[in-house]
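Asker: I need the structure of the sequence given here:
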Amino acid sequence: MKKLAFIALCAMISVYFVGCGIGEDSHGDSIPTPSSEDYSHLPECQNKEDKIKGCLLIGSDESEKFRIEIPMKNNEMNGVMRNYYGNTLCETKFVDSIPVSATLCFDMQGNPKNGVIKEYHENGNLAHEVEFKNGKIQGVERAYHTNGKPKGEIPYKNSKRDGVTKIYNEDGNLRAEIPYKDGKKDGVEKWYYENGNLWRETPYKDGKIEGIKKEYDENGNLK
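Answerer: Presented below is the predicted three-dimensional model:
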């Protein structure tokens, strides 16, 4: 299993799951249920060849509180991506690395999450906060470093990423801005050096690169 930073993983999915089931309650209202897709037969991804043939990419942060499982095929995310954070499971469906469903979140008994969920670092500082309604993410999901500085902000609309995801270093300085629309990258993704200068920018349209990627040195000169 690879150790990967929580917010970096979110950005990669990005933050980024195959069809989530829908059940009916006794009043006829839709109740989301976890996907029944099973990837236990897939080997863990070790290299690019595995990702082409089919494998499960597994990662976690240093605290082991966050875990992510991504089914890979043809070197793309294909299937239900699952995020585990504390006692929360979130799922999103991907086809060729493009999200094709809203993100739905559940407790470990399979019940849709409701209310504001907060997780804390061992030192007592807030680590993560997000609001759910019937399993869907509401508003802005936020993560924090152990020192209390912001780590990332992910805005949602209808439980899909919508707006600019922001990633920060441990000093609270901006490291990345990633624009989304209806769950897909849309706009110019920007990453920054530690000194604040622009490192690289990549234009996206409807989840795919469209235009010229640019990269700069630490002094701001185009490479």
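Asker: where do the helices sit along this protein?
Answerer: Under the criterion DSSP state H, the chain carries helices at the ranges 6-13, 48-53.
Asker: Those: lowest mean pLDDT?
Answerer: For those, mean pLDDT drops lowest on helix 6-13, to a mean of 40.
Asker: What residue spans form the domains of the protein?
Answerer: Residue ranges for the domains of the chain, per the TED database: 43-110, 114-222.
Asker: Endpoint to endpoint, the shortest one covers what distance?
Answerer: It refers to domain 43-110. In domain 43-110, first residue to last residue: 25 Å (Cα to Cα, to the nearest Å).
Asker: Distance from the chain centre to it, please.
Answerer: Relative to its chain's centre, domain 43-110 lies at 9 Å (Cα atoms, centre = their mean, to the nearest Å).
Asker: so what's residue 62 scoring on pLDDT?
Answerer: Residue-level pLDDT assigned to residue 62 equals 68.
Asker: Who does residue 208 form a beta bridge with?
Answerer: Beta-bridge pairing of residue 208, defined through DSSP bridges, involves residue 205.
Asker: quick one: contacts for residue 105?
Answerer: Under the criterion of Cβ atoms under 8 Å, 6 or more residues apart in numbering, the neighbours of residue 105 are 88, 89, 90, 91, 112, 113, 132, 135, 136, 137. Quick note: C-beta positions are derived from backbone N, CA and C, even for glycine.
Asker: Distance of it relative to residue 90?
Answerer: 4 Å (Cβ to Cβ, to the nearest Å).
Asker: Tell me who's in contact with residue 82.
Answerer: 17, 68, 69, 89, 90, 91.
Asker: Any idea how many residues pack against the third one?
Answerer: The one in question is residue 69. 21 (other Cβ atoms under 10 Å).
Asker: beta partners for the nearest residue to it once chain neighbours are set aside?
Answerer: Residue nearest to residue 69 in three dimensions, not counting chain neighbours: residue 82, with 4.7 Å by Cβ to Cβ, 6 or more residues apart in numbering. Counting by DSSP bridges, residue 82 is bridged to residue 69, residue 91.
Asker: Can you list the low-confidence ranges for this protein?
Answerer: 1-29, 62-65 (pLDDT under 70).
Asker: Dump stretch 69-85 to CSV, keeping only the CA atoms.
Answerer: This file holds the C-alpha atoms of stretch 69-85, laid out as CSV (Å, rounded to 0.1, in the frame of the first residue of the first chain):
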residue,chain,number,x,y,z
GLU,A,69,-9.2,2.2,-3.4
ILE,A,70,-9.3,2.9,-7.1
PRO,A,71,-10.0,0.2,-9.8
MET,A,72,-7.7,0.7,-12.8
LYS,A,73,-8.1,-0.6,-16.4
ASN,A,74,-6.3,0.6,-19.5
ASN,A,75,-4.3,3.0,-17.2
GLU,A,76,-7.5,4.9,-16.4
MET,A,77,-9.8,4.9,-13.4
ASN,A,78,-12.6,2.5,-14.3
GLY,A,79,-15.1,1.4,-11.6
VAL,A,80,-16.2,2.5,-8.2
MET,A,81,-13.6,4.5,-6.3
ARG,A,82,-14.0,4.1,-2.5
ASN,A,83,-12.7,6.5,0.1
TYR,A,84,-12.6,5.5,3.8
TYR,A,85,-12.1,8.2,6.4
